[in-house]
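A.B. asks: Predicted structure and sequence below. I'll ask about it afterward.
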Amino acid sequence: MTAHVATLLAAPARADLQEATVAALRDAWGGGAIRWLAEGIAAEFDLDAIPASRWGDWDDLQAMGLDLVVQPAAGRRKRFLIADMDSTMIGQECIDELADMAGVGARVAAITARAMNGELDFEGALTERVGLLKGLPEGVIAQVLAERITYTPGGAALIATMKAAGGYAALVSGGFTAFTTAVGGHLGFDETRANTLLVADGHLTGEVARPILGREAKMAALTEISARLGIGHDEVIAVGDGANDLGMLGMAGTGVALHAKPAVAAQCDVRINHGDLSALLYIQGYAARDFIGG
């Protein structure tokens, strides 16, 4: 019985994964027949064992703009997706966008970058950044949603395809409910969890409701929702990019570091640096013809 599956992935916008590249790796690794999941974008083959050259070959493929994921063949199709929002399901950090509107963008962005790389305590960093938003009109949130938020390609298809197969999707963010409600609704998430910005007289107070949702709360969400669904953590696929995602990424059967900070990616076996969210379907064995929506 096949023990592992190797999946090679190119950025869908480039679609430059070549048959020769896949075949060369397959031959070097002694793999099985190549299966194309999407022409120029994703291909896979079976393996009996993971070669010692795995990470060296991964480095070589990264230099070519390609991702490589090696995982156990059994149970790779998951029943529960738990996802971070900022810089994962969307292309922005919402607090940075609010701060830019408030005229403190550079200062807040610097704190965000350090917090996401694990250099600062998440709760303290969030409290400090929210404090700098004090007095910002509440209506700016809707303006940011309308004018500045972009969705990461593949997200809607990822959720729709997994849900059509009986899966469940939760958006769990260290950001704010004002954004997760809109983003989660647009993408089709079953539920969302996030922090609440406090408002008084139509303006942000510079405070966030307690308790603050961070790393531990994301891990708790994975545990609580899995138990409610009656599934084990091995049936979960998690995706995120920051240090506060590492807990849930480590707990999930498949933890995906998507365009993650270097310090985060270094702690994850599944790293998508060139592909988009559709990569999460390909690594579960879905072909492009299986995708729904998006």
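C.D. replies: That came through, no problem. Source: prediction; values computed, not measured.
A.B. asks: helices or strands next to the longest helix anywhere in the chain in the packing?
C.D. replies: Identified as the longest helix of the chain according to DSSP state H is helix 215-229. On a contact count with 3 or more Cβ pairs under 8 Å, 6 or more residues apart in numbering; DSSP states H and E, helix 215-229 meets strand 80-83, strand 168-176, strand 191-195, strand 236-240, helix 246-251. From N, CA and C alone the C-beta is placed, and that goes for glycine too.
A.B. asks: Could you identify which of those is most buried?
C.D. replies: Mean neighbours per residue, mean count of other Cβ atoms under 10 Å, is largest over these for strand 236-240, with a mean of 29.
A.B. asks: For that strand, which helices and strands make contact with it?
C.D. replies: Using 3+ Cβ pairs under 8 Å, 6+ apart, strand 236-240 is in contact with strand 80-83, helix 215-229, helix 246-251, strand 254-258.
A.B. asks: cutoff 6 Å now
C.D. replies: strand 80-83, helix 246-251, strand 254-258 (3 or more Cβ pairs under 6 Å, 6 or more residues apart in numbering; DSSP states H and E).
A.B. asks: what's the distance between it and the middle of its chain?
C.D. replies: Here the centre of strand 236-240 is set off from its chain's centre by 7 Å, with Cα atoms, centre = their mean, to the nearest Å.
A.B. asks: got it, and stretch 193-209?
C.D. replies: Using Cα atoms, centre = their mean, the offset of stretch 193-209 from its chain centre is 26 Å.
A.B. asks: any idea of the mean pLDDT in it?
C.D. replies: Averaging pLDDT along stretch 193-209 gives 97.
A.B. asks: please renumber so the chain begins at 17
C.D. replies: New numbering, starting at 17: the last item is stretch 209-225.
A.B. asks: Touching that stretch from outside, list them.
C.D. replies: The contact list for stretch 209-225, computed with Cβ atoms under 6 Å, 6 or more residues apart in numbering, reads 146-147, 149-154, 188-189, 191-193, 196, 228-229, 237.
A.B. asks: So which bits of it are buried?
C.D. replies: Within stretch 209-225, the residues that qualify as buried are 209-211, 213, 220-224, counting by 16 or more other Cβ atoms under 10 Å.
A.B. asks: partners of residue 272 in the sheet?
C.D. replies: Counting by DSSP bridges, residue 272 forms beta bridges with residue 255, residue 286.
A.B. asks: Now do the residue of the chain positioned farthest from its centre against residue 151, distance only.
C.D. replies: No residue in the chain sits farther from the centre than residue 217, which is 35.4 Å out by Cα atoms, centre = their mean. In this view, residue 217 and residue 151 are 10 Å apart by Cβ to Cβ, to the nearest Å.
A.B. asks: Likewise for residue 308?
C.D. replies: 44 Å.
A.B. asks: Between the two, which is the more surrounded one?
C.D. replies: Just comparing residue 308 and residue 151: by other Cβ atoms under 10 Å the higher neighbour count belongs to residue 308, 16 against 10.
A.B. asks: now the more buried one, what's its secondary structure?
C.D. replies: Look at residue 308: counting by DSSP: H, G, I helix; E, B strand; the rest coil, its state is coil.
A.B. asks: circling back: dump the buried residues of stretch 209-225 into TSV; add distance to residue 67 as well.
C.D. replies: Putting these into TSV (distance: Cβ to Cβ, whole Å) gives the following:
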residue	distance to residue 67
209	40
210	41
211	43
213	49
220	53
221	56
222	53
223	52
224	47
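A.B. asks: Which one of the residues you listed is nearest to residue 263?
C.D. replies: Distance to residue 263 across those (Cβ to Cβ) is lowest for residue 209, with 14.3 Å.
A.B. asks: Strands of the protein, residue ranges please.
C.D. replies: Assigned strands in the chain, in chain order: 20-26, 51-54, 58-63, 82-88, 96-99, 184-192, 207-211, 213-216, 219-224, 252-256, 270-274, 286-288 (criterion: DSSP state E).
A.B. asks: Out of those strands, which gets nearest to residue 75?
C.D. replies: Nearest to residue 75 among the strands of the chain is strand 82-88; the distance by Cβ to Cβ comes to 9.5 Å.
A.B. asks: Alright, that wraps it up for me.
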